[in-house]
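Peer 1: Mind looking at a prediction? Sequence and model below.
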Amino acid sequence: MNETIDQISSLPDDILIHILSFLRTREAVQTCILSKRWRKTWASVPVLNFHASDYNENEGWKFDQFVNGVLENRGPALLDTIISSQDVEDRYIDPPPIGWLHRATLLMPRVISVDIPDCYGWDLDFPDSVFSCASLEKLELFYFSESWPAFFSLNSIALVSLKTLVLEYLTLHDDFMQKLFLGCPVLENLKLWICELDISDIPSNALKEFTLDDCQHLQPMQISCPGLLFLCPSHL
Amino acid sequence: MITLISSDKRKFHVLEEVANQSLTIRDVIEDRRGRRRADRIILVTNINSKIPEKVIVYWLRHFLMPEEIAHASMSHKKAEKLKKWEAKFFDTDIDTLNDLILAADSLDIPSLFDGACEKVSDILKNRSAEEVGEISKIENEFTHEEEEEEIPSENAWVWRNEFA
């Protein structure tokens, strides 16, 4: 085992950083004690990958402290991807506050993929900065709840680079769709999973792929997308 | 057909379309286009002889299934098959993985680079704090003093919150 670590250590820095980007952030940070060589390597990894399932019940505060520790100590490295996974099915964990996402978004990531904690019927508490992040190319929001899908509305959307958007278990209205297509001029790929859709029109010139999986339609929906190449409807 | 020559002077003949998966080689061929046949020989001197064989096997497998096609319309079954094949391909010793990473880096073969890096990352995965600590203790790069003083202060937040 020790020899193996020595051999990995012989690789150049940028490759070590790339290797660490495949790990969860918790695992990447642990490598700081392997040797001098590794002490600060994790701080340059362009991926933040947090998993609530790494923590026990009522350890939500620990999760939060770890996330803040990472943000404070990771140094000025570029950020490419933010992943935050709840990924807990058989036990309950205090949902970690999502506030840290605001701080991380200011580092201009290219990809954000987060599980949103159950808001029990209240409005989703989600940082606005995510919806005005100019560098963002891919955004995935997965909501999970014991009860109804969460009502999703936003004051404004300005995601000039966004190409792919995936939304799960949310209630979406016409107002949201209009803001979305106005604010995301290059959105090519839209995936809606088990969403409740109160939408009359999908108007987009840029959209190429549109996937609806297990969605519920509250009214007939027209798709006005001349550039569409791939359409996968929920019910045929 | 182009010819790759490794550091120990072994020759490897490959179809141009296959070797094009290396963006470095593709650029070299593009630069030399229209010139003499001898220019279709490419020295890969920084790579030892065992590696070109592996790289070419990887190329051939992927040449049969280009990634653009793989992405859009590859059937689930075929994707599973390729995944299984890759798992086997990367199931090798750390020396070979290191060499593959360096080769994929210099030849600019992104999927091979990512695949090998991910495999190496598995070695660091799912280790308890005790295990990681054990490894660092065996390694003598840290002096005793550093072990006691410096690391805990510099990365104190990790220890306090995570592993204490």
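Peer 2: Structure received. Numbering: from 1, shown residues only, chains lettered A, B, ... in the order given.

Peer 1: which residues does the nearest residue to residue A:198 once chain neighbours are set aside contact?
Peer 2: In this structure, residue A:198 finds its nearest non-sequential neighbour in residue A:218, 4.3 Å apart by Cβ to Cβ, 6 or more residues apart in numbering or on different chains. To be clear about C-beta, it is placed using only N, CA and C from the backbone, and glycine gets the same treatment. Residue A:218 is in contact with A:196, A:197, A:198, counting by Cβ atoms under 8 Å, 6 or more residues apart in numbering or on different chains.

Peer 1: Which of those ranks first by neighbour count?
Peer 2: The most crowded member of these, judged by other Cβ atoms under 10 Å in any protein chain shown, is residue A:197 (22 neighbours).

Peer 1: pLDDT on the helix or strand harbouring it, on average?
Peer 2: If you go by DSSP states H and E, residue A:197 is part of strand A:196-198. The average pLDDT within strand A:196-198 is 93.

Peer 1: List the contacts of it.
Peer 2: Applying Cβ under 8 Å, 6+ apart, the contact partners of strand A:196-198 are A:149, A:170-174, A:212, A:215-219, A:221.

Peer 1: Now tabulate these in JSON lines and tack on pLDDT, secondary structure and distance to residue A:190.
Peer 2: Formatted as JSON lines, those follow (pLDDT from 0 to 100; DSSP: H, G, I helix; E, B strand; the rest coil; distance: Cβ to Cβ, whole Å):
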{"residue": "A:149", "pLDDT": "85", "secondary structure": "coil", "distance to residue A:190": "17"}
{"residue": "A:170", "pLDDT": "91", "secondary structure": "strand", "distance to residue A:190": "13"}
{"residue": "A:171", "pLDDT": "92", "secondary structure": "strand", "distance to residue A:190": "16"}
{"residue": "A:172", "pLDDT": "93", "secondary structure": "strand", "distance to residue A:190": "11"}
{"residue": "A:173", "pLDDT": "93", "secondary structure": "strand", "distance to residue A:190": "15"}
{"residue": "A:174", "pLDDT": "93", "secondary structure": "helix", "distance to residue A:190": "15"}
{"residue": "A:212", "pLDDT": "92", "secondary structure": "strand", "distance to residue A:190": "9"}
{"residue": "A:215", "pLDDT": "92", "secondary structure": "coil", "distance to residue A:190": "12"}
{"residue": "A:216", "pLDDT": "90", "secondary structure": "strand", "distance to residue A:190": "17"}
{"residue": "A:217", "pLDDT": "91", "secondary structure": "strand", "distance to residue A:190": "15"}
{"residue": "A:218", "pLDDT": "92", "secondary structure": "coil", "distance to residue A:190": "18"}
{"residue": "A:219", "pLDDT": "92", "secondary structure": "coil", "distance to residue A:190": "18"}
{"residue": "A:221", "pLDDT": "92", "secondary structure": "coil", "distance to residue A:190": "13"}
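
Peer 1: What's the PyMOL line that selects buried ones from the residues you listed?
Peer 2: Only the buried entries of these go into this PyMOL selection, using 16 or more other Cβ atoms under 10 Å in any protein chain shown:
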select buried, chain A and resi 149+170+171+172+173+212+215+221
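
Peer 1: Quick check: of the contacts of residue A:218, which lies closest to chain B?
Peer 2: residue A:197 (25.9 Å; Cβ to the nearest Cβ).

Peer 1: Tell me the spacing between the closest one and residue A:152.
Peer 2: 11 Å (Cβ to Cβ, to the nearest Å).

Peer 1: what sits in contact with each of these two?
Peer 2: Counting by Cβ under 8 Å, 6+ apart, the residues touching both residue A:197 and residue A:152 are residue A:172.

Peer 1: Show me what the residue nearest the centre of chain A is bridged to.
Peer 2: What sits nearest the mean C-alpha location of chain A, by Cα atoms, centre = their mean, is residue A:113, with 1.5 Å. On the basis of DSSP bridges, residue A:113 is bridged to residue A:83, residue A:140.

Peer 1: How about the contacts made by it?
Peer 2: Neighbouring residues of residue A:113 by Cβ under 8 Å, 6+ apart: A:81, A:82, A:83, A:84, A:138, A:139, A:140, A:142.

Peer 1: Would you mind measuring from it to residue A:188?
Peer 2: 17 Å.

Peer 1: what does residue A:151 give?
Peer 2: For residue A:151, the distance to residue A:188 - Cβ to Cβ - is 26 Å.

Peer 1: How about residue B:10?
Peer 2: 45 Å.

Peer 1: who's more crowded, these two?
Peer 2: residue A:188 (18 against 13).

Peer 1: Just to check, the more buried one is in contact with residue A:161?
Peer 2: No: counting by Cβ atoms under 8 Å, residue A:188 does not reach residue A:161; the two are 11.3 Å apart.

Peer 1: helix or strand for residue B:96, which one?
Peer 2: With DSSP H and E as the criterion, residue B:96 is inside helix B:94-107.

Peer 1: Ok, residue A:19 next?
Peer 2: Using DSSP H and E, the element containing residue A:19 is helix A:13-20.

Peer 1: chain center to that helix, what's the gap?
Peer 2: 23 Å (Cα atoms, centre = their mean, to the nearest Å).

Peer 1: Mind checking what secondary structure the residue lying closest to residue A:134 once chain neighbours are set aside has?
Peer 2: Spatial nearest neighbour of residue A:134, excluding adjacent residues (Cβ to Cβ, 6+ apart): residue A:160 at 5.4 Å. When classified by DSSP: H, G, I helix; E, B strand; the rest coil, residue A:160 comes out as coil.

Peer 1: Quick check: residue A:160 vs residue A:82, distance?
Peer 2: In this view, residue A:160 and residue A:82 are 18 Å apart by Cβ to Cβ.

Peer 1: Outline the domain layout of chain A.
Peer 2: Following automatic domain parsing, one finds the domains of chain A at A:1-106, A:118-236.
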